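Asks: just need the structure, nothing else, for what follows:
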Amino acid sequence: MKISTALLETALLPATGDLPPGNDTRYNIVKRGNMEMPKKGYSPEQIIHKLREAEVLLSQGNTIGVVSKKIGVSDFTYYRWRKEYGGMRVDQARRLKELEQENSRLKKVVADFALDNAILKEAARGNF
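Replies: Here you go, the predicted model:
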């Protein structure tokens with residue numbers, strides 16, 4: 001049985017219009033090798049909401065496996081989110097993300113200044 005290459009490629013590469021409409025998940029298209037796949041990304045507010053939902057389900061006697069399936073993430077993701085966002089309010093999570101972005105930007109600035117400083121020291125030594 002021979003399948004046309006064009007048919008196979010269209011079956012493997014989802015078009016961005018094929019993503020489920022109306023849900024609150026952001027999708028980023030990630031390229032892995034020669035395939036493009038949608039990757040889910042949750043905002044901190046969505047993560048905190050899902051963690052609160054998970055806490056309610058856990059208090060009702062459900063297991064972690066059942067809870068993680070109901071909120072739509074893996075067990076590992078649940079534990080990672082709980083470690084990072086456990087006990088936070090939405091405004092605290094927003095502030096955390098802002099500080100992480102600012103910290104990243106400042107690290108780049110420090111690296112640039114360190115490079116400039118090394119270049120100036122090299123020039124001052126006079127390698128002529």
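Asks: quick one: buried residues of the lengthiest helix in the chain?
Replies: Counting residues, the longest helix in the chain under DSSP state H turns out to be helix 90-125. Across helix 90-125, burial judged by 16 or more other CB atoms under 10 Å covers 90, 93. Backbone N, C-alpha and C define where each C-beta goes, glycine included.
Asks: I'd like the average pLDDT over it.
Replies: On average, the pLDDT along helix 90-125 is 92.
Asks: repeat that for stretch 52-64.
Replies: 93.
Asks: please point out which parts of that stretch sit buried.
Replies: Quick answer for stretch 52-64 (16+ other CB under 10 Å): 54, 57.
Asks: domains in this protein, by residue range?
Replies: 20-88, 89-128 (automatic domain parsing).
Asks: pretty sure residue 66 contacts residue 57?
Replies: Yes - using CB atoms under 8 Å, residue 66 makes contact with residue 57 at a distance of 7.4 Å.
Asks: on the three-state scheme, residue 62 is what?
Replies: Following DSSP: H, G, I helix; E, B strand; the rest coil, the label given to residue 62 is coil.
Asks: that one - nearest residue in space that isn't next to it in sequence?
Replies: residue 70 (7.6 Å; CB to CB, 6 or more residues apart in numbering).
Asks: what's the burial count for the one you found?
Replies: 13 (other CB atoms under 10 Å).
Asks: shouldn't it be within a strand?
Replies: No - the assignment for residue 70 (three-state DSSP) gives helix, which keeps it out of a strand.
Asks: surely it touches residue 57?
Replies: Yes - under the criterion of CB under 8 Å, residue 70 makes contact with residue 57 at 6.0 Å.
Asks: which strands and helices sit next to the longest helix of the chain?
Replies: helix 44-59 (3 or more CB pairs under 8 Å, 6 or more residues apart in numbering; DSSP states H and E).
Asks: mind saving the C-alpha coords of the helix it packs on as CSV?
Replies: The C-alpha trace of helix 44-59 is given here as CSV (Å, rounded to 0.1, in the frame of the first residue of the first chain):
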residue,chain,number,x,y,z
PRO,A,44,0.8,32.2,35.8
GLU,A,45,-2.9,33.1,36.5
GLN,A,46,-4.1,29.9,34.7
ILE,A,47,-1.5,27.8,36.6
ILE,A,48,-2.7,29.1,40.0
HIS,A,49,-6.3,28.5,39.0
LYS,A,50,-5.5,24.9,38.0
LEU,A,51,-3.6,24.4,41.3
ARG,A,52,-6.6,25.7,43.3
GLU,A,53,-8.9,23.3,41.3
ALA,A,54,-6.5,20.5,42.1
GLU,A,55,-6.5,21.3,45.8
VAL,A,56,-10.3,21.1,45.9
LEU,A,57,-10.2,17.7,44.0
LEU,A,58,-7.6,16.4,46.4
SER,A,59,-9.6,17.4,49.4
